[in-house]
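A.B. asks: this one's sequence-less:
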């Protein structure tokens, strides 16, 4: 009965979404206040009905209702409750419902919190969100119904991929979806502004919190995904340039560019056409990712299993929204004339450079991801684009970006003195050179990791110099504390986020000097790696809630003293007869000791051991970056004029 | 860049249509892929149908310096062979290759003849990879320019082909051979063509 309720709620949501797509937009065009006023209740109604549908799905998974095909395919009674629930969005159908739920949540947030939005703009934004909701709801109802029944019901479900039974992964898709869907809101703002033919400082102020909120979630999501790949896949790597990873990186890059150009729109009333284009692009990249992952055109470890009919539907949605928005853009953008002017050397100029470089990186990643597909369809050639291409093609763009970051943050608006800004950064430059030199000479790093360390130091010290300069630490130390307290949170947030990129960069550079070995050890035997002695003490059997495991006990010693005991496992899942390698990781924040258990051979264990210097910094930096974004989001200036800064953060 | 189109004369208006044009072209390409998926002409994991059931394309590769293994040429794949063989494309820069490696090692220990092609790699890196992770290959060719890979229609590394006793390609797998793939797909195939 509950699944039928969910199915009905989905159908009801479709009808509400159609109404939401039409009534407010027509009302805005005809300046009819009553029609425009339907936007708020419709957005709330949509949230209620999609929420009911998602709740029904959760219920079906929680009680392991095997008459529902989706539960049978993705769940099992022996799974812990948390993974039963996360299984509801760990599959194609359920994840689409979650996607639409988050979209409805954002629409309701615009409706509920955007009281100071002009009525017509608000009606149009909610209307455009209704277009998106309609398309995806139709997609769910016609091709991906999560409430499909099976009769007779099987005894039990067929489980979930054991690799996916992980707390990090349970939270990973929702976090990413908040990011993707957040860009749906900036997209809606962009299309609404084009329909209205007006982009002004106020528009920039409303868009920024959404762009920032979505960016924070996406940052956390990508960080979690990278961390998951690191410890769960047991490969010891953190980023593989897999097409699906790239699909999440692309909207992040476009969104990062949008975040910066929206500041210019708000403060200086220029770069309008560009910002609108970026807002459309950020969402286009989110949809492109959805298409690539779910249509089956990719060869990836992450891709959902699927049928081409779904791909056709998603492609149709992609074309309607993206090409439609670009058509409106080509038609209406000439109306958006800039008013502010600025010199090339200025903060605006620096943000333009930032945008150009970030967009170039995005273009490289996009080309590298799509080229194998298009080469195949155009010429029939099967080619592969691997990490060598991405690394060599993005580095020449990323290095100037990183070099320019602290300088840009120092420049004032309109016209700036580059030399004066550089003078205030001299000690950051000195720190970078020192760190680079120490890495090369003292630590013996190769050139690239040493360069990475130097750039990391440049970013962190540059962010510190920015803050020190703003609070007058060197000019008037006695008042610095008071000024630090009154410094806007947005300024703190920006400096923290910029410095955090340096932290991540240090981690990436550290991985450049990581070492690993593959050894076969009998109990009692030991090996040496990176100055540590790794002793295999023995193998044992372990039983988990729904798996059996073989566990190796590896004691790591340094100079005879025990550093840690690692217990890597190989888990065999009873239900679907799969095995996974559970890596054991010991971190002291400066380096990771990482062990993976391979097969066993006559009582000896095959172990892969890694020593990864600075590895945790990669994800730590990502989290600090998101924290900087959140801090900026909590800025009072953002809250006062913004439509829904709360809405952007609270739904977490 | 951004504000120029609006400020610029009408002749540069067309630039505003560029995103639309790109999106339309991309959409057409994706549409063709989806059509191809249904008709079987486009398959991201599949082998070009021309190769299945045929003999391997002709090639003669140099050895990988420092690995101490004999070089590989198409003559090694011509039937009759005593048992089916595997041809594995790999590279030291390829992370999934590390994942796959223990399975190759296990097969090699069980007596399966595995012939390796080192793809677009530095010789020293390739040799170091084998030293560190072990060597499952009976013979090893070095395809530094990637020419042989083009003839085979390589999708990416790692990629594995099964060649039966008559010297015909019977199976192709793009991606790492996991323990699961090994037990479910590869072992039955090896038995079938033994």
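C.D. replies: Right, received. Where do you want to start? The model shown is predicted, which means the values in this text are computed figures rather than measured ones. Numbers count the residues shown, from 1 in each chain, chains lettered A, B, ... in the order given.
A.B. asks: Residue A:276 sits in which helix or strand?
C.D. replies: Following DSSP states H and E, one finds residue A:276 within helix A:272-295.
A.B. asks: Who are the packing partners of that helix?
C.D. replies: helix A:167-196, helix A:201-232, helix A:243-268, helix A:308-318, helix A:324-332, helix A:347-379, helix B:4-7, helix B:18-39 (3 or more CB pairs under 8 Å, 6 or more residues apart in numbering or on different chains; DSSP states H and E). Every C-beta, even on glycine, is put in place using the N, C-alpha and C of the backbone.
A.B. asks: what's the closest of these to residue B:143?
C.D. replies: For the helices and strands packed on helix A:272-295, the distance to residue B:143 is smallest for helix A:347-379, at 18.1 Å, taking CB to CB.
A.B. asks: Next, the buried residues of that closest one.
C.D. replies: Across helix A:347-379, burial judged by 16 or more other CB atoms under 10 Å in any protein chain shown covers A:347-362, A:364-366, A:368-370, A:372-374, A:376-377.
A.B. asks: OK, contacts around residue A:38?
C.D. replies: Counting by CB atoms under 8 Å, 6 or more residues apart in numbering or on different chains, residue A:38 touches A:19-20, A:23-24, A:27.
A.B. asks: With residue A:37 instead?
C.D. replies: So, once contact is read as CB under 8 Å, 6+ apart, residue A:37 ends up touching A:27, A:119.
A.B. asks: Quick check on it: phi, psi?
C.D. replies: phi -70, psi -10 (degrees, to the nearest 10).
A.B. asks: any idea how far it is from residue A:43?
C.D. replies: In this view, residue A:37 and residue A:43 are 12 Å apart by CB to CB, to the nearest Å.
A.B. asks: do the same with residue A:377
C.D. replies: In this view, residue A:377 and residue A:43 are 40 Å apart by CB to CB.
A.B. asks: So residue B:171: helix, strand or coil?
C.D. replies: Look at residue B:171: counting by DSSP: H, G, I helix; E, B strand; the rest coil, its state is strand.
A.B. asks: low-scoring pLDDT stretches of the stretch 351-500 of chain A, where are they?
C.D. replies: A:380-384 (pLDDT under 70).
A.B. asks: can you give me the helices for it?
C.D. replies: Here the stretch 351-500 of chain A has its helices, by DSSP state H, counting those that start in this stretch, at A:387-410, A:418-424, A:426-441, A:447-470, A:477-486, A:489-511.
A.B. asks: returning to that earlier point: next one: the helix holding residue A:276 to chain centre, how far?
C.D. replies: Distance of helix A:272-295 from the chain centroid (CA atoms, centre = their mean, to the nearest Å) equals 14 Å.
A.B. asks: show me which of the buried residues of helix A:347-379 neighbour chain B.
C.D. replies: By CB under 8 Å from any CB of the partner chain, the members of the buried residues of helix A:347-379 lying near chain B are A:352, A:355-356, A:370, A:372-374, A:376-377.
A.B. asks: Count residues in the vicinity of the one residue in chain A that gets nearest to chain B, would you?
C.D. replies: When distances are taken as CB to the nearest CB, chain A reaches nearest to chain B at residue A:274, 2.7 Å away. The tally of other residues near residue A:274 (other CB atoms under 10 Å in any protein chain shown) stands at 26.
A.B. asks: from what I can see it touches residue A:355, true?
C.D. replies: Yes: using CB atoms under 8 Å, residue A:274 and residue A:355 qualify as a contacting pair, with a distance of 7.0 Å.
A.B. asks: Please read off the pLDDT at the residue of chain A closest to chain B from the model.
C.D. replies: Residue A:274 is assigned 91 on the pLDDT scale.
A.B. asks: For residue A:144, see how far away it is.
C.D. replies: 36 Å.
A.B. asks: does residue A:557 count as helix, strand or coil?
C.D. replies: Residue A:557 - assigned by three-state DSSP - is strand.
A.B. asks: Who are the contact partners of the residue lying closest to residue B:33 once chain neighbours are set aside?
C.D. replies: Closest residue to residue B:33 in three dimensions, ignoring its sequence neighbours and counting by CB to CB, 6 or more residues apart in numbering or on different chains: residue A:297, at 4.6 Å. Shown in contact with residue A:297 (CB under 8 Å, 6+ apart): A:291, A:311, A:373, B:30, B:33-34, B:37, B:42, B:44.
A.B. asks: Assumed residue A:297 was part of a strand.
C.D. replies: No: read with three-state DSSP, residue A:297 is coil and lies in no strand.
A.B. asks: confidence score at it?
C.D. replies: At residue A:297, the pLDDT value in this model is 74.
A.B. asks: if we can go back for a sec, nearest approach to residue A:563 belongs to which of the helices and strands packed on helix A:272-295?
C.D. replies: Residue A:563 lies closest to helix A:201-232 among the helices and strands packed on helix A:272-295, at 18.7 Å (CB to CB).
A.B. asks: quick check, the closest one touching chain B?
C.D. replies: No: on the criterion CB under 8 Å from any CB, helix A:201-232 is out of touch with chain B, staying 9.8 Å away.
A.B. asks: Sketch out the low-pLDDT regions of chain B for me.
C.D. replies: Checking chain B against pLDDT under 70 turns up B:1-11, B:40, B:43-50, B:155.
A.B. asks: And it, split by domain according to the record?
C.D. replies: As given by automatic domain parsing, the domain ranges for chain B are B:4-39, B:74-192.
A.B. asks: So which bits of the shortest one are buried?
C.D. replies: Within domain B:4-39, the residues scored as buried using 16+ other CB under 10 Å are B:5-6, B:16-17, B:19-20, B:23-24, B:26-27, B:29-34, B:36-37.
A.B. asks: Would you check how far apart the spatially most central residue of chain A and residue A:429 are?
C.D. replies: With distances taken as CA atoms, centre = their mean, the residue of chain A nearest its centroid is residue A:218 (2.6 Å). Distance, residue A:218 to residue A:429, by CB to CB: 31 Å.
A.B. asks: will you turn the contacts of residue A:297 into JSON lines that also has distance to residue A:174?
C.D. replies: Formatted as JSON lines, the contacts of residue A:297 follow (distance: CB to CB, whole Å):
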{"residue": "A:291", "distance to residue A:174": "20"}
{"residue": "A:311", "distance to residue A:174": "24"}
{"residue": "A:373", "distance to residue A:174": "28"}
{"residue": "B:30", "distance to residue A:174": "27"}
{"residue": "B:33", "distance to residue A:174": "29"}
{"residue": "B:34", "distance to residue A:174": "28"}
{"residue": "B:37", "distance to residue A:174": "29"}
{"residue": "B:42", "distance to residue A:174": "33"}
{"residue": "B:44", "distance to residue A:174": "28"}
